[in-house]
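**Student:** The following comprises the amino acid sequence and a computationally predicted model.
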Amino acid sequence: AIEVRGQQLSDRLINGLAHCESTSIITPASPSKRAAIVTVAVPDSLATSKRLSEAGIIHSRRENKLRFAPHFYNTMSEIDMAVEHLIRKQP
């Protein structure tokens, strides 16, 4: 059940970012080829990471990419909030 929940959350994150021009999903699309971790490339990973941290969105920044590891205790609304912050255009 925990594995299924993790996949549901990561699917939601991937699907939410699938049509976002400013992000590139590094994680394989096929659930059979990935864990619940989602890695995303963004134009300015440092600024985006800072913005996410200020919003209370837990993630890690590795090799100029952002890594999310949703787990069973996360909610769909938390995933949606992360997506909103990732696709939001900055001034």
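**Tutor:** Sure thing, it's come through. Numbers count the residues shown, from 1 in each chain.
**Student:** Measure how far stretch 22-40 is from the centre of its chain, please.
**Tutor:** Remark: stretch 22-40 is offset 9 Å from the chain centroid, using C-alpha atoms, centre = their mean, to the nearest Å.
**Student:** end to end, how far does it reach?
**Tutor:** End-to-end distance of stretch 22-40 (C-alpha to C-alpha, to the nearest Å): 10 Å.
**Student:** quick one: average pLDDT of the longest helix anywhere in the chain?
**Tutor:** As assigned by DSSP state H, the longest helix anywhere in the chain is helix 2-17. The average pLDDT within helix 2-17 is 92.
**Student:** mind saving the C-alpha coords of that helix as CSV?
**Tutor:** Coordinates of each C-alpha in helix 2-17 appear next as CSV, following Å, rounded to 0.1, in the frame of the first residue of the first chain:
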residue,chain,number,x,y,z
ILE,A,2,2.9,2.4,0.8
GLU,A,3,4.5,1.7,-2.6
VAL,A,4,1.2,2.3,-4.4
ARG,A,5,0.7,5.6,-2.6
GLY,A,6,4.2,6.7,-3.4
GLN,A,7,3.6,5.9,-7.1
GLN,A,8,0.3,7.8,-7.1
LEU,A,9,1.9,10.9,-5.6
SER,A,10,4.9,10.8,-8.0
ASP,A,11,2.5,10.2,-10.9
ARG,A,12,0.6,13.3,-9.9
LEU,A,13,3.8,15.4,-9.8
ILE,A,14,5.0,14.1,-13.2
ASN,A,15,1.6,14.6,-14.8
GLY,A,16,1.3,18.1,-13.3
LEU,A,17,4.6,19.1,-14.9
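**Student:** Name the residues that touch that helix?
**Tutor:** The contact list for helix 2-17 (C-beta atoms under 8 Å, 6 or more residues apart in numbering) reads 23, 25, 27, 29, 31, 34-38, 40, 68, 70-72, 74, 76, 79-80, 82-83, 86-87. All C-beta atoms are positioned from the backbone trio N, CA, C, and that covers glycine.
**Student:** Quick one: the strands in the chain, in order.
**Tutor:** Per DSSP state E, the chain carries strands over the ranges 24-25, 38-41, 60-62, 65-68.
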